[in-house]
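Chemist: Attaching a predicted model along with its sequence, questions to come.
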Amino acid sequence: MQFDKAVSVQWLASFTGAKLVGDADQMATGINEIHKVTKGDISFVDFEKYYDKCLNSAATIIIINKEVPCPAGKTLLVHDDPFTAYVSIVKHFRPFEPANKMISDSAVIGEGTHLQPGVFVGNHVIIGKNCLIHPNVTIYDHTIIGDNVVIHSGTVIGADAFYFKRRKDRESQYDKLVSCGRVVIHDDVEIGAGCTIDKGVSGDTIIGLGTKLDNHIHIGHGAVIGKNCLFAAQVGIGGKAIIEDEVILWGQVGVSKDLTIGKGAIVYAQSGVAQTIEGGKVYFGSPVEDAKTKMRELNWIKRIPEIWERLTAKN
Amino acid sequence: MQFDKAVSVQWLASFTGAKLVGDADQMATGINEIHKVTKGDISFVDFEKYYDKCLNSAATIIIINKEVPCPAGKTLLVHDDPFTAYVSIVKHFRPFEPANKMISDSAVIGEGTHLQPGVFVGNHVIIGKNCLIHPNVTIYDHTIIGDNVVIHSGTVIGADAFYFKRRKDRESQYDKLVSCGRVVIHDDVEIGAGCTIDKGVSGDTIIGLGTKLDNHIHIGHGAVIGKNCLFAAQVGIGGKAIIEDEVILWGQVGVSKDLTIGKGAIVYAQSGVAQTIEGGKVYFGSPVEDAKTKMRELNWIKRIPEIWERLTAKN
Amino acid sequence: MQFDKAVSVQWLASFTGAKLVGDADQMATGINEIHKVTKGDISFVDFEKYYDKCLNSAATIIIINKEVPCPAGKTLLVHDDPFTAYVSIVKHFRPFEPANKMISDSAVIGEGTHLQPGVFVGNHVIIGKNCLIHPNVTIYDHTIIGDNVVIHSGTVIGADAFYFKRRKDRESQYDKLVSCGRVVIHDDVEIGAGCTIDKGVSGDTIIGLGTKLDNHIHIGHGAVIGKNCLFAAQVGIGGKAIIEDEVILWGQVGVSKDLTIGKGAIVYAQSGVAQTIEGGKVYFGSPVEDAKTKMRELNWIKRIPEIWERLTAKN
C-alpha cells in the first residue's frame, strides 16, 4: 500500500513506540510485507534468520526486534513486537470504514455498467465501463475493476488475506496480519458464481485481461493471474502464486502458494501443483507430474501383481 | 431454446448478413447448440471436421463458414463467422433484461412458497408450491422450479454456462457462447448452501425429482441429474454430464463433462470420473476404477519394497 | 435440543399416535438423535440391530417400531414409523419461523458488533461483542456467536444438516431428518468468504476459540472443531467429525464423518481423512497415511520400471 502522503519516521517511531536508529529525517511513502517492498516502504522482520533479507531489501524503513547496524540510507524502528507495530500502522492508514448502504457513495461506476439488485460495492471501489455485476455479489473496499467485466452471483471480491501469526503462549493463538492490499481485475474478465478473490496482504491480487473463471474458484491473497487464463470450477489458488498467461486449469485443481505456473501450461482435473512448473506442458496428479509420465505410472501400478507372479514363480 | 414464434430464414440471413443457400421459405422455431438440436432449430458449425455431423443433425437451419451442398429440406446460412452469427441471434431473442428489484414482477410464485429476505428472483422465473427459499439465494431469469423444493442460502441457480471460443489472434482471446438455456428443478429437490447450478448453453440443466444436494456443489451447464440422487458437499459436475437416477456421489467427487454415470452407481469421496461409468457399481480413485480393484492396487503399492527386497536378495 | 419446559410422555404418545409402554409419568426435557442423547431426552430407533444401543443409551424416552421389554426408568413410545414420529416432534417444538426482515427482532447483537449491509440474522440469534459481519452473510435462526468474531461475505451459518432416510418404495425416496441443532461459534474465530457451517441434527456444531477458516470451507452438521485450528481454502468436514485443538488442514482436504483428528495433527493439501487419525503427526494422501510413508510410496512407484527391467533381464 502506498500512503496518500509521505509520513515521517519520527512520527512512526512515536506512534508505534519504537526506538529510531539510522536516518531520522526519512519519509515513508508506503507500507508493504517483505515480498512486495519498494523504495520508501516500511516493512518488518521479527526472525533473525530473515534479518539480512529484510535489511537488504528495497524497504527504506524496517521495524525490527533487535538493534542491529543500520544500513546506509535506511531507518530502523526497533520494537519488541514488529508484527504488532506493523499492523497498527496498517490499521491507522487503512481503517475499517463501516458501510450503511449497498453501494458506497465513494464508489465510481463506469458508463454502461449495470449492477443487479443485492450487489454490495464498498468504499473507494472503481468499476469500469460496460460491466455486468449479477445479484448478491460483494465487492470490498478499494477494489479496482476494468471494462467489460462480468461477475456472477454470490462471488466475493476483496475479502481479507488468510494470514496469521501464531503466538503459542496465548489461549487465542493467532494474530491477524491485517490486509491493506487490493484486488485489481483487468478488462474482459468473467468471474463465475460463488467465487472468492482475496485482497493482497499489502499488494494487489491481479486477474489479467481476458481471463475467465468458472464457479467456486478461490484466488488467494496477492496471487497474480495472467491474461487469457481459463480455470474450471472449484479450482483453488494459494496466496502469492503467479499464474502466467494462457494457463488452463481443469476442475478442482489446487495450486499451492508462492510458486509460478509457466505460460500456457495445462493442468488436468483434481491435480495438485505444489511447486513451480514450466509453461507449455501438460500436467496431472497430486503432486503433479508431466501428464504422460503420470499416466505411465498409473499403468505400471496395474502391473505389480504380474511382477509379483513372475518373481514368485521362479522359486 | 424455442422461439415464442417462428422466424423466417430470410430475416435470419438479413439479420446476420449471411448468404442463404437451400430452402428459402423455411421457418426457424428455435436455436440450439449441436448437442441439443431438434427439427426447426438453427445451429452452427465452424470446423470442417464437424460439417457432416451438423449437416446430418436434426437442425433445419445451419450457419456454416463454407458453401457446401445443402441437404434436402434444410437451409444453410453461409457466414464467415458462424459463432458470432449464432451468438447475435441468441442475444436478439434472449436479451439481457436488467432487474431493478429483488423479486421480478414477471416471476410466478406458487401457493405456500416462502421466500426469505435477500432472495433474488429474476424475470420469467416460475416457482411451484410449498417451496422454501432461504436468504440470499439468487435465481436467474427463466429458471423453472417445481413443488416442495428447498434451496439454502448463498446458492445461485441459472448463472451462465462456462463456454468460450478461443480466438488466438486477439489480445483478449475468448468469445463467450451466450447462454439461452434454463435450469429446471423438479419436485422434492433440496439444494444445500453455497451451490451453483448453471443454465444450459441452449437446453436445460435438469435436477430430477427427489434429488438432494449438500453444500458447495457445482452443476455445469446442461447437466441432467436423475431422480433421487444424493451428492455430498463440494461435488463438481461438468457440463452436459448425465447422472442417472439414484446415483450417490460422496464429498469432493469431480465429474467431467459429456459423460454418463449409470443408475445407482456409488462414487467414493474425492474420486474423479473422467469417462462414462456403468450403473450399479461402486467406484474410487482419480481417475475412478472399481472400488475393490482400486483398494487392491493401493495394497500392492505397499508391497513394492518387499518385491524389491526379494528381487535383490537373490543376487 | 432441550425443550423450554418439560413435556409429558402421555402428551407425546397422544401427539404422535404411539403406544406408551413403561413409565407413564415420565417428563421429556429434550429430543436428540442417538449420538447426542442425555437423560430426559427423547430419541428414536427403527432398526432392530440398533435396539440395544438405543435402549441402553442415556435416552429416557425411546420411540421404537416394536414392542420390546422396557428398561427400568424408561418409557417406550411404540410407533410404526419412529423416524416420522421423531420428526413430527422436532417440527412441533422447533417450527420454521418465516422472516420478513434482514435482522430479526429477536436477535441479540452485542456492543461494538457491526453488521454490514445485506447480512441476514435469523430469529433467536445471539452475537457477542466487537464482531464484524461482512456483507451478504446469512446467519440462520438459533445461531450463537461469541466475541471478536469476523465472518466474511457470502458465508452461510446454520443451514440444515444433510441427513435423509431412504424410502425405496416411494417415487420421491428421501425423507429429511429435520434439524433442531445449532451452530455455536466461540470467541476470536475468523471465518472466510463463501463458507458453509451446517447446524447439528439435534446437537451443536461448534467452532472453537481462536480457530481460523479460509474461504469455501464446508463444516458438516454436528462437527466439533477445537481451539486454534487453521483450515485452508476449500476444506470439507463431514458430519459429527471431531477435530481437536490446533489441527492444521491445508487446502482442499476432505474429512469424512464420524471420526476424530487428534490434537495438533497436520494434513497436507488435497488429502482425504477417512478414519480417525492420531494427533501430533503429519499426514498426506487420499486416503491419508503418515506423510513420510506416503512420500516414500510415491518414490517406490517411480521404481517399478526398474524392478521390471531387473526381473526380465535375468531371464
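Modeler: Yep, it's here. Numbering: from 1, shown residues only, chains lettered A, B, ... in the order given.
Chemist: A:Pro135 contacts A:Val119, doesn't it?
Modeler: Yes. Between A:Pro135 and A:Val119 there is a contact under C-beta atoms under 8 Å: 6.6 Å. To be clear about C-beta, it is placed using only N, CA and C from the backbone, and glycine gets the same treatment.
Chemist: Count the residues that sit near A:Met295.
Modeler: 15 (other C-beta atoms under 10 Å in any protein chain shown).
Chemist: Would you double-check that it falls in a helix?
Modeler: Yes. Per DSSP: H, G, I helix; E, B strand; the rest coil, A:Met295 lies within a helix segment.
Chemist: Tell me what the spatially closest residue to it that is not a sequence neighbour is bridged to.
Modeler: Spatial nearest neighbour of A:Met295, chain neighbours left out: A:Phe284 (7.1 Å); criterion: C-beta to C-beta, 6 or more residues apart in numbering or on different chains. Here A:Phe284 sits in beta bridges with A:Glu289, going by DSSP bridges.
Chemist: need the residues of the stretch 101-250 of chain A near chain B, please.
Modeler: Contacts of the stretch 101-250 of chain A with chain B, taken as C-beta under 8 Å from any C-beta of the partner chain, map to A:114, A:116-118, A:132, A:134-136, A:150, A:152-154, A:187-188, A:190, A:192-194, A:209-210, A:212, A:214-216, A:227-228, A:230, A:232-234, A:246.
Chemist: quick one: which of those residues sit in strands?
Modeler: Those of these mapping onto strands are A:His114, A:Leu132, A:Val150, A:Glu190, A:Lys212, A:Leu230, per DSSP state E.
Chemist: ok, back up a step: from what I see, the residue nearest to A:Met295 and A:Ile266 are in contact.
Modeler: No. Assessed by C-beta under 8 Å, A:Phe284 is found out of contact with A:Ile266, at 9.4 Å.
Chemist: Comparing those two, which residue is more hemmed in?
Modeler: For A:Phe284 versus A:Ile266, the count of surrounding residues by other C-beta under 10 Å is larger for A:Phe284: 24 against 18.
Chemist: Okay, strands next: where are they in the stretch 201-315 of chain A?
Modeler: A:204-207, A:212-213, A:218-219, A:224-225, A:230-231, A:236-237, A:242-243, A:248-249, A:254-255, A:260-261, A:266-267, A:272-273, A:282-284, A:289-290 (DSSP state E, counting those that start in this stretch).
Chemist: Of A:Pro135 and A:Val119, which one has the most company?
Modeler: A:Pro135 (26 against 22).
Chemist: Tell me the bridge partners for the nearest residue to that one once chain neighbours are set aside.
Modeler: Distances taken as C-beta to C-beta, 6+ apart put B:Phe120 closest to A:Pro135, at 3.9 Å, once the chain neighbours are dropped. Beta-bridge partners of B:Phe120, counted by DSSP bridges, are B:Thr138.
Chemist: So A:Tyr86 versus chain B, what's the distance?
Modeler: Separation of A:Tyr86 from chain B (C-beta to the nearest C-beta, to the nearest Å) stands at 34 Å.
Chemist: ok, now how distant is A:Met1 from A:Gly208?
Modeler: Per C-beta to C-beta, to the nearest Å, A:Met1 is found 21 Å from A:Gly208.
Chemist: Kindly report the same for A:Glu190.
Modeler: 13 Å.
Chemist: Same question for A:Asp169.
Modeler: From A:Asp169 over to A:Gly208 (counting by C-beta to C-beta), the distance is 43 Å.
Chemist: Of those two, which one has the most company?
Modeler: A:Gly208 (21 against 6).
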